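Undergrad: sequence below, structure please.
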Amino acid sequence: PAFRKSGVGNIFIKNLDKDIDNEALHDTFSQFGMILSCKVATDATGQSKGYGFVHFETEEGANLAIEKVNGMQLADKVVYVGPFLKRLDRGASDSKFTNVFVKNLAEDVDDAALMKLAE
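TA: A predicted model of the protein is given here:
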């Protein structure tokens, strides 16, 4: 578990064709090294979400897979393959939301009344 959580050897694949399943993903990437786990993300109905993950035993296998498969066409789509980055490491922005959507206002509410309400 600690090795898996380290992220070493873990890659992310996006823009997968909906017909690519776990087995097809494994078959595609097994030529680059020993695979510890392989998963296509699916919704509640089992339909592919178009992305997946492959965890290699070694970082070298992962790097080779990135080098060889990134930008390649799998089924009918050109895929992106890159290192897996945890959500915290992806540079999540610290931006603050500045837009608010307000619905069900009475017809007589104008800009001034709305601004007063927001203060």
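Undergrad: show me what the helix or strand harbouring N63 is packed up against.
TA: Assessed by DSSP states H and E, N63 sits inside helix 59-69. Packing contacts for helix 59-69, counted by 3 or more Cβ pairs under 8 Å, 6 or more residues apart in numbering; DSSP states H and E, involve strand 10-14, helix 22-29, strand 48-56, strand 80-83. Where you see a C-beta, it was placed from the backbone N, CA and C, and this is true even at glycine.
Undergrad: what's the first helix or strand after that helix?
TA: From helix 59-69, the next helix or strand downstream (DSSP H and E) is strand 73-74.
Undergrad: so what sits opposite Y80 in the bridge?
TA: With DSSP bridges as the criterion, Y80 is bridged to K14.
Undergrad: so L114, which of the three states?
TA: Following DSSP: H, G, I helix; E, B strand; the rest coil, we place L114 in the helix state.
Undergrad: circling back to that earlier point, reformat the helices and strands packed on helix 59-69 as a markdown table; add mean neighbour count.
TA: Compiled in a markdown table, those are given as follows (neighbours: other Cβ atoms under 10 Å):
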| stretch | mean neighbour count |
| --- | --- |
| strand 10-14 | 20 |
| helix 22-29 | 17 |
| strand 48-56 | 19 |
| strand 80-83 | 16 |
